[in-house]
Each structure stands twice: as C-alpha cells, then as structure tokens.
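Undergrad: Sequence plus predicted model, see below.
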Amino acid sequence: MYYAISIIQLDYLMFGEVIMVKTYIVDPDKFLEATAMIPCILFIIGMNYKEYLLTDRKKDVYKVMQDLRNLFPESREAQRKYKVHEFCSVMQKVEFVFICCCISFTTVFSSMPFVVGMYKSWYLGEDYQRVLPYVVWYPFDYTKNLPLYLFLYLFQYQGAYTASVLFVGADLLMCGAISQNCMHLHYIANMIKEYKPKGGIKDIIFIGDIARYHGKVLNLSELVNETYSVCILLSFVIASTSICFIGFNLTSSPLQDALKFGLFMTAEIVQIAAICFYGNTILEKSFELGDAIYEHDWHEADLEYKKMLIQIITRSQKPASIRAPTFPPTSYETFMKVMTTSYKFLTVIRQYFN
C-alpha cells in the first residue's frame with residue numbers, strides 16, 4: 001500500500017511539473033526555470049519506468065537471484081578462494097558513493113528553499129518567502145495558508161527521497177548481480193591458471209566441470225543482460241539529457257542554485273560511471289579466461305583435454321557483457337560517449353538561449 005501511494009505521489013508531482021514546464025518554456029524570462037524542472041521530471045520518469053520494467057520481468061529477476069544464490073560459495077574456505085571479500089568490498093564502495101550522491105543532492109535540492117528563506121528572514125530581516133523545493137502546479141494558492149504550505153513542502157520532500165531510493169535500488173540490484181558474475185569468471189580463470197594437468201581421467205573431469213561451470217555463468221550473465229538491457233538504455237538516455245540541462249543551469253544560476261545542481265550532476269555522472277564500471281569489469285573478467293588458459297601448463301595435457309580447452313577459448317571470444325538494445329557492450333568508452341553527447345546538447349541549448 002505504501003509503495004502504491006508513493007508511486008501515485010511521484011506521478012502527481014511529475015504531472016504538476018510538466019504543466020509548469022509547458023507554461024514556462026514559451027516565456028524567455030522563465031526559460032531557465034523550465035530547464036531546471038526537466039531533469040527532475042526525467043528523474044521520476046526513469047524511476048517509474050525502471051520499476052515497471054523490473055515488475056514486468058520479476059520472474060527473470062527472481063531467477064537471476066536464485067541462480068546467483070545457487071552458485072554462491074557457502075563455506076568460509078570457498079569464499080576465500082572466490083575472493084568474495086574483495087568483490088564485496090568494491091561493491092560496497094560503489095554503493096556508498098552512489099547512495100551518498102543521490103541522498104546528498106536530494107537533501108540539498110529539497111532543503112535549499114527553506115534554508116535560504118530562514119537565512120534571509122533571520123539575518124537580513126526579509127519576509128520569509130513560501131517557496132517549495134520543486135515548481136509544481138497546484139489549483140490553489142498555497143502561500144496564503146501556512147499549514148498547507150508546510151504540508152506540501154513535506155509532501156515534496158518525502159517524494160524526492162522516495163524517488164531517490166527507488167532510482168538507486170534498481171541500478172544497485174543490477175550492479176550486485178554483475179559483480180557476482182565477475183567473481184565467478186575470475187574464479188574460473190584462477191582455477192585454470194593454477195591447475196597442473198598430468199594426463200589422465202582427472203584432467204578430463206576437471207576441464208569438463210570447468211566448461212559446465214563457465215557455461216552456467218555465461219547463461220546467467222546473458223539473463224542479467226536481457227533483464228536489465230532496457231533499464232541500461234533508459235539510464236543512458238535520461239542521464240545524457242539530464243546532464244545537459246543540469247549543466248546549463250549550473251553555469252547560468254546563482255551560487256545557491258549552482259550548489260544543488262552540482263550535486264545533481266554528480267549523482268547522474270556517478271550513476272553512469274557505476275554501470276560502465278561493471279560493464280567494463282565483466283568484459284575484462286571474460287577475456288581473462290582466455291589468457292589464463294594460455295598461461296597454464298596445457299602443453300602437458302593429453303589431446304582430449306586440449307580439445308576441450310579450445311572449446312572454452314572459442315566460447316570466451318564472445319565475452320559476457322551488459323549492453324543496451326542495439327548498442328555495443330557497455331564499457332568505459334560508453335561513459336565517454338554519454339558525456340560527449342551531453343556536452344554537445346549543452347552547447348546547442350546555450351546557443352539557443354543566447
């Protein structure tokens with residue numbers, strides 16, 4: 001029930017902002033304010049659509065989680081071999097930075113009107129201006145009623161936090177799944193690199209188990225990609241557009257607004273950086289397998305063992321990856337393309353505004 005109410009709340013805020021954008025965008029004096037609302041609208045659209053996609057594919061999400069649970073090492077000794085602590089540590093750092101950025105920009109963005117209003121009232125002797133954090137259309141004048149103003153302020157404040165939590169949750173769930181896939185690929189590469197074949201049935205059993213294990217991890221990686229590919233595309237499109245409008249406001253607004261837009265831009269950049277980081281990592285771990293096969297003592301093995309190695313190498317040439325539909329595998333190069341696209345859009349908007 002709370003979840004449904006929160007979604008309705010966010011949709012109303014988005015609807016109210018869309019009305020104000022349509023009103024402001026045609027007024028040259030209000031154009032800057034209109035562009036400031038667009039990233040907030042896109043943020044809610046992205047959150048809404050990601051939640052819809054994950055709900056629509058909840059069976060695949062559950063299957064991914066169950067497969068990860070089945071492959072996860074249970075004993076402490078096995079976890080040390082898999083280097084669970086190292087991969088978990090990296091994931092925790094990514095989560096911490098991402099969550100801190102989103103919560104920071106949400107807090108500053110939502111608190112700024114109140115903080116500025118109180119400062120002007122206490123230190124400058126001016127009347128407190130009843131301004132809300134987000135410019136939303138209401139069919140009444142909320143500035144004349146203090147309880148109503150406070151209610152709407154808290155309503156928007158809580159809505160912003162809800163949007164941030166849902167937005168972060170969808171991406172971190174994907175990053176967690178990719179992180180575990182990277183862990184399994186890294187473990188497979190280490191197993192092969194450290195193995196010393198001596199010829200015989202034990203070698204065949206070992207490489208057969210490795211081949212089946214590798215196949216499971218690749219299938220799981222592809223399922224993760226199919227489940228989240230549209231979410232990745234949505235993140236890239238919304239982030240590149242939002243960064244463009246945020247950058248425009250960042251360079252055209254006074255200091256107090258530049259602070260909140262700077263934090264907003266940081267959150268968007270960190271989101272794309274996190275996705276591209278894990279996209280690049282899973283590519284590296286996939287190619288690592290071929291290098292491990294080449295470096296281990298394969299020349300000591302018998303012919304059947306070598307044939308199975310060739311099959312694994314061939315399969316590893318098509319690496320596990322995450323990618324948006326019709327896009328190449330996500331990597332650091334993707335991050336640079338998103339930032340370049342945002343800068344190009346920013347240049348166009350600045351020329352239009354000037």
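TA: On my side now, so go ahead.

Undergrad: where does residue 130 land on pLDDT?
TA: Note on residue 130: pLDDT of 84.

Undergrad: who's in contact with residue 279?
TA: 178, 321-323, 329-331, 334 (CB atoms under 8 Å, 6 or more residues apart in numbering). Any C-beta I mention is one placed from the backbone N, CA and C, and that applies to glycine too.

Undergrad: ok, now residue 304?
TA: residue 204.

Undergrad: Can you say which helix or strand has residue 127 in it?
TA: Assigned by DSSP states H and E, residue 127 belongs to no helix or strand.

Undergrad: Spatially nearest residue to it, not counting backbone neighbours?
TA: With sequence-adjacent residues excluded and distances taken as CB to CB, 6 or more residues apart in numbering, residue 127 is closest to residue 121, at 7.0 Å.

Undergrad: which intervals of this protein have sub-threshold pLDDT?
TA: 1-3, 354 (pLDDT under 70).

Undergrad: Is there a neighbour count for residue 183? I'd like the number.
TA: 25 (other CB atoms under 10 Å).

Undergrad: doesn't residue 79 make contact with it?
TA: No. Here residue 183 does not reach residue 79: they are 9.9 Å apart, not a contact under CB atoms under 8 Å.

Undergrad: quick one: buried residues of stretch 269-288?
TA: Judged by neighbour count (16 or more other CB atoms under 10 Å), stretch 269-288 contains these buried residues: 269-283, 285-288.

Undergrad: can you check stretch 62-71 too?
TA: 64, 67-68, 71.

Undergrad: Kindly indicate which of those residues lies nearest residue 139.
TA: residue 64 (44.3 Å; CB to CB).

Undergrad: That closest one and residue 158: what is the separation?
TA: 31 Å (CB to CB, to the nearest Å).

Undergrad: can you pull out the helices in the stretch 101-250 of the chain?
TA: 146-194, 201-250 (DSSP state H, counting those that start in this stretch).

Undergrad: right, and the helix or strand after the longest one?
TA: Yep, that's helix 201-250 we're talking about. Downstream of helix 201-250, the first helix or strand assigned by DSSP H and E is helix 255-295.

Undergrad: chain center to that next one, what's the gap?
TA: In this view, helix 255-295 has its centroid 9 Å away from the chain centroid, taken as CA atoms, centre = their mean, to the nearest Å.

Undergrad: Report the inter-axis angle for it versus helix 201-250.
TA: 160 degrees (axes from the mean of the first three to the mean of the last three CA atoms, to 10 degrees).

Undergrad: helix or strand right after helix 255-295?
TA: Next along from helix 255-295, by DSSP H and E: helix 303-316.

Undergrad: Surely residue 19 and residue 137 touch.
TA: Yes. Contact between residue 19 and residue 137 holds when scored by CB under 8 Å: they sit 4.0 Å apart.

Undergrad: just to revisit the earlier point, looking at the contacts of residue 279, which has the most residues close by?
TA: Among these, the one with the most neighbours (other CB under 10 Å) is residue 322, at 31 neighbours.

Undergrad: Three-state assignment for that residue, please.
TA: Following DSSP: H, G, I helix; E, B strand; the rest coil, residue 322 is assigned to coil.

Undergrad: Residue 226 is in contact with that one, correct?
TA: No. Counting by CB under 8 Å, residue 322 does not reach residue 226; the two are 10.0 Å apart.

Undergrad: What about residue 112, how many residues nearby?
TA: Residue 112 has 16 neighbouring residues, counting by other CB under 10 Å.

Undergrad: can you tell me which residues contact it?
TA: So residue 112 contacts 133, 256-257, 259-260 (CB under 8 Å, 6+ apart).

Undergrad: If we only consider those, which is nearest to residue 204?
TA: residue 260 (62.5 Å).

Undergrad: picking up where we left off before, tell me which of the buried residues of stretch 62-71 is nearest to residue 55?
TA: residue 64 (14.6 Å).
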